[in-house]
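> Based on what follows, work out the 3D shape:
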Amino acid sequence: MKFSLPTFWVAAVAILFSLAGCDDKEKDAQPAVGTLDVEMEHVVGNRALALNTTTYTNPVSNEQFTISRFNYYVSNVKLQKADGTEYAQPESYYLVQESDAESKHLHFKDIPTGDYTGISFVVGVDSARNTAGAQTGALDVNNNMFWSWNTGYIFFKMEGNLLASSSYPAKTFLMHVGGFTKPYNAVRTVKLTFPSSNLLVRADHSPELHLKADALKVLNGPQPIQLGTFMGAHMPGSNAMQVANNYAAGMFSVEHIHAN
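Got it, this is the predicted structure:
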């Protein structure tokens with residue numbers, strides 16, 4: 001079959017338009033993604049957490065105390081949908097510190113657009129990263145949240161001072177929680193449901209999720225802690241498990257969602 005010159009050019013142009021259409025379809029097929037900002041607010045009961053300067057009351061024993069350090073790891077973040085599916089944020093390891101305002105703002109990108117009903121995360125560091133050797137960023141051992149290659153990362157650190165009373169002399173208290181092997185596996189997963197509205201992730205705007213962390217729940221959780229008799233948690237063990245069980249049971253809650 002022979003083509004005249006005009007027919008040839010018409011066919012060529014048609015092919016080019018067809019290929020361009022395929023490229024557009026491939027672009028359209030790419031999943032839409034958005035971003036999410038999470039703000040961590042630290043409180044002690046109904047009062048803001050202020051390091052070293054504010055005295056708080058332990059409801060378990062009426063003890064007076066101050067807090068000088070409040071750090072914890074958030075990792076393995078997942079967002080849930082109403083149909084039971086979930087999105088797992090890759091490489092999500094964050095060190096949150098009350099002394100570092102910037103660390104209390106977590107940013108997640110490339111989240112598939114959709115309506116999410118809840119969030120879950122690990123308080124601590126999973127066993128794989130505990131034994132992965134030298135790391136950078138939030139998992140850098142120079143962040144002072146690491147014991148050794150045998151015992152691994154410190155998942156949660158709360159330090160402070162117990163004020164003197166008629167029952168107990170003044171003393172410092174240390175709660176350093178970690179451990180990723182039995183019988184003292186302190187890795188805990190927190191799962192929160194958004195109570196009033198879904199989290200809407202869209203390509204054209206970034207929602208903001210406000211979470212609250214209440215340090216008082218460390219003391220008045222399912223296994224109440226009296227600071228005057230608590231021997232502290234300095235390594236994996238039963239005391240660390242007690243603290244981990246308390247903060248996993250109710251320290252975190254959803255404050256509100258900004259649609260933006």
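> I'd guessed Asn161 sits against Leu174; true?
No. With contacts counted by CB atoms under 8 Å, Asn161 stays clear of Leu174, the gap being 10.7 Å. (Glycine included, C-beta is placed from N, CA and C.)
> Of the two, give the one with the bigger neighbour count.
Shown here are Asn161 and Leu174; by other CB atoms under 10 Å, Asn161 has more neighbours (17 against 14).
> Which pLDDT does the model give the more buried one?
Confidence at Asn161, expressed as pLDDT, is 96.
> Secondary structure element holding it?
Taking DSSP states H and E as the definition, Asn161 sits inside strand 152-162.
> how far out from the middle of the chain is that strand?
Put simply, strand 152-162 sits 17 Å off its chain's centre (CA atoms, centre = their mean, to the nearest Å).
> now for the very next helix or strand once past it, which elements pack on it?
Sequence-wise, the next helix or strand downstream of strand 152-162 (DSSP H and E) is strand 171-178. Contact partners of strand 171-178 among helices and strands, from 3 or more CB pairs under 8 Å, 6 or more residues apart in numbering; DSSP states H and E: strand 152-162, helix 238-250.
> What are the buried residues along strand 171-178?
Buried residues in strand 171-178, defined by neighbour count with 16 or more other CB atoms under 10 Å: 173, 175-178.
> And the residue nearest the centre of the protein?
Val74 (3.1 Å; CA atoms, centre = their mean).
> doesn't that one fall inside a strand?
Yes. The assignment for Val74 is a strand, going by DSSP: H, G, I helix; E, B strand; the rest coil.
> Look at it and report its pLDDT.
At Val74, pLDDT is 98.
> Do you have the helices of the stretch 101-250 of the chain handy? List them.
127-130, 238-250 (DSSP state H, counting those that start in this stretch).
> Would you agree Thr113 is in contact with Leu199?
No. Using CB under 8 Å, Thr113 makes no contact with Leu199, being 11.2 Å away.
> Mind checking which of the two has more residues around it?
Each of Thr113 and Leu199 has its neighbours counted (other CB under 10 Å); Leu199 has more, 22 against 14.
> how about the nearest residue to that one, chain neighbours excluded?
In space, and not counting its chain neighbours, Leu199 is closest to Tyr116: 4.2 Å by CB to CB, 6 or more residues apart in numbering.
> I'd say the one you found and Leu79 touch.
Yes. Applying CB under 8 Å, one finds Tyr116 in contact with Leu79, separated by 4.5 Å.
> Give me the common contacts of those two.
Taking CB atoms under 8 Å, 6 or more residues apart in numbering as the contact rule, Tyr116 and Leu79 both touch 87, 199, 201.
> Out of the residues you listed, the closest to Lys104 would be?
Leu199 (18.6 Å; CB to CB).
> returning to what we had before: distance to Asp100 added to the helices and strands packed on strand 171-178, as TSV?
As requested, those are exported to TSV (distance: least, CB to CB, whole Å):
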stretch	distance to Asp100
strand 152-162	13
helix 238-250	19
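> Pick the most deeply packed of these.
Using mean count of other CB atoms under 10 Å, the stretch among those with the largest mean neighbour count is strand 152-162, at a mean of 22.
> about what we covered before: now, among the shared contacts of Tyr116 and Leu79, which is nearest to Ser148?
Among those, and counting by CB to CB, the member closest to Ser148 is Tyr87, at 34.3 Å.
> Can you pick out the most distant pair from the buried residues of strand 171-178?
Farthest pair in the buried residues of strand 171-178 (CB to CB) is Phe173 and Gly178. Separation: 16.7 Å.
> low-confidence ranges in the stretch 1-150 of the chain?
Within the stretch 1-150 of the chain, the ranges that satisfy pLDDT under 70 run 1-30, 149.
> Having no further points to raise, I will conclude here.
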